[in-house]
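*Asks:* Structure for this input, please:
(chains A, B, C and D)
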There are 2 protein chains.
Amino acid sequence: MGNTPPVGRKVTLSDIAAGCDVSRATVSLVLRGSPLVNKHTRARVEEELLRQGYVYNRAAANLRRRTSSSIALVLNDLANPFFAEFAAGVDEILGNTGFVTLLGSTSESTERELAVLGSLMEHGPAGIILSPAESSDAQQILAAVGSHTPLLLFNREVGGDIAACDHWDRLFLDNQHGARLATEHLIAQGHQRIAFYGGHLSSSSCRQRRAGYTESMQKAGLPVQPNWMVECIPNRLDAVAQCDQLFSGTAAPTAAVCYNDAVALGLMLGLHKRGLQPGRDFALTGFDDIAEAAVSAPPLTTLAVTPRARGRQAAELILQRLQEPSSSPRQTIVPVQLLVRASSCAPHVA
Amino acid sequence: MGNTPPVGRKVTLSDIAAGCDVSRATVSLVLRGSPLVNKHTRARVEEELLRQGYVYNRAAANLRRRTSSSIALVLNDLANPFFAEFAAGVDEILGNTGFVTLLGSTSESTERELAVLGSLMEHGPAGIILSPAESSDAQQILAAVGSHTPLLLFNREVGGDIAACDHWDRLFLDNQHGARLATEHLIAQGHQRIAFYGGHLSSSSCRQRRAGYTESMQKAGLPVQPNWMVECIPNRLDAVAQCDQLFSGTAAPTAAVCYNDAVALGLMLGLHKRGLQPGRDFALTGFDDIAEAAVSAPPLTTLAVTPRARGRQAAELILQRLQEPSSSPRQTIVPVQLLVRASSCAPHVA
DNA sequence: CCTTGCGTTTGGAACGATCCAAATTTACCT
DNA sequence: AGGTAAATTTGGATCGTTCCAAACGCAAGG
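*Replies:* This next block holds a predicted model:
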């Protein structure tokens, strides 16, 4: 008794069936924990499964059942800690639900984005979570993913004919409100000449943050000088480099709302180089609350967006969508929270 | 002419075949670019593919061909920028090769690691890239992945009966040599009382780095005080918290080799709190060269490990293994490079 | 007219699972 | 024992693709 497992081939359900003299159907029922099968049969089958070292072939099952057990996660920049945390959150939930995460990283390239989406679609994901590249086009993405796979757009709006994609779910940060909170906080501290520093206008999140800033400035009746609106690549290095632009006009700002934490930390260094001490001579705020914001010198006032929780939320949203495929699309705007730390001091009296 | 695509169902190869009146086999040949099919037939089929919006079902093809087009990537901590960069590198290469990345994040939990591996195995990956959790057991992992799927161990050795897993490929950093470089650099700067700060002895990389440190100290004939070997959780927060331990003994160190950059940056803050200025009153080095190392105050001397390149390398190694499944297992130790910055000053003369 | 050969096309059996209706066994009640 | 209902098991078709051997059409050669 007990024939040996097959050699160059994986153990299949038929091998188990043959090994303990039942039909394939019965083994299948055991695998899925059906209450139909008899206790003793189940025990015999389970022993055989162990003995032969069976591993379930989910692809075959999915083919037959016309289901899917994967979710595609396509990110514009996985190396960015914000998205890395987000991905960890997504995977945390999906892993618990028996789904597997198909990863794709696009490095902000729309070409690569389309290629990655195309390749992932061939694996038939049940849904897609997409944080698009900066200049993604709605039409092209729609063409790549079709209209049968639910898609959750995260973090950024796409360009082009958005109307065609109004069946997508959306999960965005409340960028505008966040920037308003930061600006109002600086105004409350007594600042009047406040800049908006960093980011690219081509990204929707930057435009939204700027809008919040502008709104608050107008509401407070404060003017905005052109040289207080500085664009830069949203990383530390370019933020250091563009610092001088802030001070190129006649009226130098005493504070800045920064596009994100990376930019804010870069600006701190730039200020140091000009002999200004951030948190004493100049106030500034960030966005994201990355790990170092709490421990920089001075600690950075910023807006917490809890990317890991966002990842979990995104996963949950797409799973909900799978449950009710035809309920109307949802747009979720998640609030952000102002964390006041030492970098947003009151204006320095010279 | 031209019947419409099916409704509640995906377009299949049979739909195309029916749509342009050829057999399924012919369509299949067209899809795979076979030279056998006639030019005109190919054109007709390709038009029909477009017209119906066909998307290839790779799972079905893989089932029939008994192949796989995915690689599992299982990481102990995706949220860590080092691994996020690594993952981006892996995905970059795999994406170009038509493979898809199955992601799994384990959060340093061995339980979750086994669960994730089990779940990913059901999708039949062609290979596995694993950066194991701190106290992973070789036997258990082997049981989870079987011995038919090639596995590349990254970054850490696993515990338990390693002999059973000597068919795995390995890709490690040269931790010991790196720590030696850092220690020797500090010695050359004139330091004699040098600590090793941070990390957990349960991780193999920490043990290796300590070994390199100890080796260099012995070679230079320098004694090591017990309170100079401080363990801490390898993140910034705990590194700040444990700082005082360094100064608890009679002879305070004047420099420290830190387990990694996060720890080093934390230590900097801890030193500040004690009124010591890192880079002037105390010298220190990190490990990893994370983005902020270059822009901290002072900039951090560290060891560059180029995680993105490591990711690309890991992907290439596993692809090579798929090419030659039975060549003998490889162990690759990649060199690390010392980057001298301002944090590693000469001893301060009081 | 029959063969031969080449270039193309094709039906049907796989791959490893699930579904379903029908068959079989077991249990229970008169 | 006979009959019926419940519990358990099962064969065969099927998911969407690829493989393979066989068949087809057609031109050249005998």
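*Asks:* all helices for the stretch 251-350 of chain A, in order.
*Replies:* A:261-273, A:307-323 (DSSP state H, counting those that start in this stretch).
*Asks:* Just give me how far the first one sits from the chain centre.
*Replies:* In other words, helix A:261-273. Here helix A:261-273 shows a centroid-to-chain-centroid distance of 25 Å under the convention Cα atoms, centre = their mean, to the nearest Å.
*Asks:* got it, and the longest one?
*Replies:* Chain-centre distance of helix A:307-323: 10 Å, with Cα atoms, centre = their mean.
*Asks:* list the contacts for the closest residue to DNA strand C within the stretch 251-350 of chain A?
*Replies:* The stretch 251-350 of chain A approaches DNA strand C most closely through A:Leu322 (16.0 Å), counting by Cβ to the nearest atom of the strand. Where C-beta positions appear, they are placed from N, C-alpha and C, glycine not excepted. Residues near A:Leu322 by Cβ atoms under 8 Å, 6 or more residues apart in numbering or on different chains: A:Ala126, A:Gly127, A:Pro150.
*Asks:* picking that back up, in terms of mean pLDDT, which of the helices of the stretch 251-350 of chain A ranks lowest?
*Replies:* Ranked on mean pLDDT, the bottom entry among the helices of the stretch 251-350 of chain A is helix A:261-273, at a mean of 93.
*Asks:* the strands in the stretch 51-200 of chain A, which residues?
*Replies:* Ranges of strands within the stretch 51-200 of chain A are A:70-75, A:100-105, A:127-131, A:151-154, A:169-173, A:194-197, based on DSSP state E, counting those that start in this stretch.
*Asks:* ok, now how distant is A:Ile194 from A:Leu222?
*Replies:* 7 Å (Cβ to Cβ, to the nearest Å).
*Asks:* a markdown table please, covering the contacts of A:Leu322 and showing distance to DNA strand D, pLDDT and neighbour count.
*Replies:* Conversion of the contacts of A:Leu322 to a markdown table gives the following (distance: Cβ to the nearest atom of the strand, whole Å; pLDDT from 0 to 100; neighbours: other Cβ atoms under 10 Å in any protein chain shown):
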| residue | distance to DNA strand D | pLDDT | neighbour count |
| --- | --- | --- | --- |
| A:Ala126 | 15 | 98 | 18 |
| A:Gly127 | 18 | 98 | 23 |
| A:Pro150 | 18 | 98 | 22 |
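*Asks:* B:Ala293: which of the residues you listed is nearest?
*Replies:* Using Cβ to Cβ, A:Gly127 comes nearest to B:Ala293 of the contacts of A:Leu322, at 38.1 Å.
*Asks:* Could you give the separation of the helix or strand of chain A with the lowest mean pLDDT from the chain centroid?
*Replies:* Ranked by mean pLDDT, DSSP states H and E, the helix or strand of chain A with the weakest confidence is helix A:236-241, at a mean of 89. Centroid separation for helix A:236-241 versus its chain: 24 Å, with Cα atoms, centre = their mean.
*Asks:* before we move on, what about stretch A:56-74?
*Replies:* Distance, centroid of stretch A:56-74 to centroid of chain: 24 Å (Cα atoms, centre = their mean).
*Asks:* do stretch A:54-68 as well
*Replies:* 29 Å.
*Asks:* which other residues reach that stretch?
*Replies:* A:10-13, A:15-16, A:31, A:48, A:69, A:124-126, B:9, B:57, B:59-60, B:62-63, B:121-124, B:146.
*Asks:* And it, what's buried?
*Replies:* By neighbour count with 16 or more other Cβ atoms under 10 Å in any protein chain shown, stretch A:54-68 contains the buried residues A:Tyr54, A:Val55, A:Tyr56, A:Asn57, A:Arg58, A:Ala59, A:Ala60, A:Ala61, A:Asn62, A:Leu63, A:Ser68.
*Asks:* quick one: is that stretch near DNA strand D?
*Replies:* Yes: with Cβ under 7 Å from any atom of the strand as the criterion, DNA strand D is reached by stretch A:54-68 at A:Ala60, A:Leu63, A:Arg64, A:Arg66.
*Asks:* Any chance of the residues you listed in TSV with pLDDT as columns?
*Replies:* As requested, the residues of stretch A:54-68 next to DNA strand D are exported to TSV (pLDDT from 0 to 100):
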residue	pLDDT
A:Ala60	98
A:Leu63	98
A:Arg64	98
A:Arg66	97
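*Asks:* just to revisit the earlier point, now the common contact residues for A:Ile194 and A:Leu222.
*Replies:* Common neighbours of A:Ile194 and A:Leu222 (Cβ under 8 Å, 6+ apart) are A:Ile187.
*Asks:* The two: which is more packed in?
*Replies:* A:Ile194 (26 against 14; other Cβ atoms under 10 Å in any protein chain shown).
*Asks:* where does the more buried one land on pLDDT?
*Replies:* 97.
*Asks:* number of nearby residues for the residue lying closest to it once chain neighbours are set aside?
*Replies:* Leaving aside its chain neighbours, A:Ile194 sits nearest to A:Ala255 (4.8 Å; criterion: Cβ to Cβ, 6 or more residues apart in numbering or on different chains). By the criterion of other Cβ under 10 Å, A:Ala255 has 27 neighbours.
*Asks:* What distance do you get for A:Ala255 to A:Leu186?
*Replies:* 5 Å.
*Asks:* got any residues that touch both of those two?
*Replies:* In contact with both A:Ala255 and A:Leu186: A:Ile194, A:Ala283, A:Ser344, using Cβ under 8 Å, 6+ apart.
*Asks:* For chain A, what lies in contact range of DNA strand C?
*Replies:* So chain A meets DNA strand C at A:9-10, A:12-14, A:24-25, A:28, A:31-32, A:56-57, A:60-61, A:63-65 (Cβ under 7 Å from any atom of the strand).
*Asks:* Could you rerun that using 10 Å?
*Replies:* A:6, A:9-17, A:23-32, A:34, A:36, A:38, A:54-67 (Cβ under 10 Å from any atom of the strand).
*Asks:* Dump the helix or strand where A:Arg210 lies to PDB, restricted to CA.
*Replies:* Counting by DSSP states H and E, the element that carries A:Arg210 is helix A:204-219. Presented in PDB, the C-alpha positions along helix A:204-219 are these (Å, rounded to 0.1, in the frame of the first residue of the first chain):
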ATOM      1  CA  SER A 204      -3.100  66.700  -9.200                       C
ATOM      2  CA  SER A 205      -2.100  66.400  -5.500                       C
ATOM      3  CA  CYS A 206       0.200  69.500  -5.900                       C
ATOM      4  CA  ARG A 207      -2.500  71.500  -7.500                       C
ATOM      5  CA  GLN A 208      -4.900  70.600  -4.800                       C
ATOM      6  CA  ARG A 209      -2.500  71.500  -2.000                       C
ATOM      7  CA  ARG A 210      -1.800  74.800  -3.700                       C
ATOM      8  CA  ALA A 211      -5.500  75.500  -4.000                       C
ATOM      9  CA  GLY A 212      -5.900  75.000  -0.300                       C
ATOM     10  CA  TYR A 213      -3.000  77.300   0.400                       C
ATOM     11  CA  THR A 214      -4.300  80.000  -1.900                       C
ATOM     12  CA  GLU A 215      -7.800  79.700  -0.500                       C
ATOM     13  CA  SER A 216      -6.600  80.200   3.100                       C
ATOM     14  CA  MET A 217      -4.400  83.200   2.100                       C
ATOM     15  CA  GLN A 218      -7.300  84.900   0.300                       C
ATOM     16  CA  LYS A 219      -9.600  84.200   3.100                       C
END
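*Asks:* Can you list the helices and strands that the next helix or strand after it packs against?
*Replies:* Going down the chain from helix A:204-219, the next helix or strand is strand A:229-230, by DSSP H and E. In terms of contacts (3 or more Cβ pairs under 8 Å, 6 or more residues apart in numbering or on different chains; DSSP states H and E), strand A:229-230 is packed against strand A:194-197.
*Asks:* from the chain's centre, how far out does the strand it packs on sit?
*Replies:* With Cα atoms, centre = their mean, you get 26 Å for strand A:194-197.
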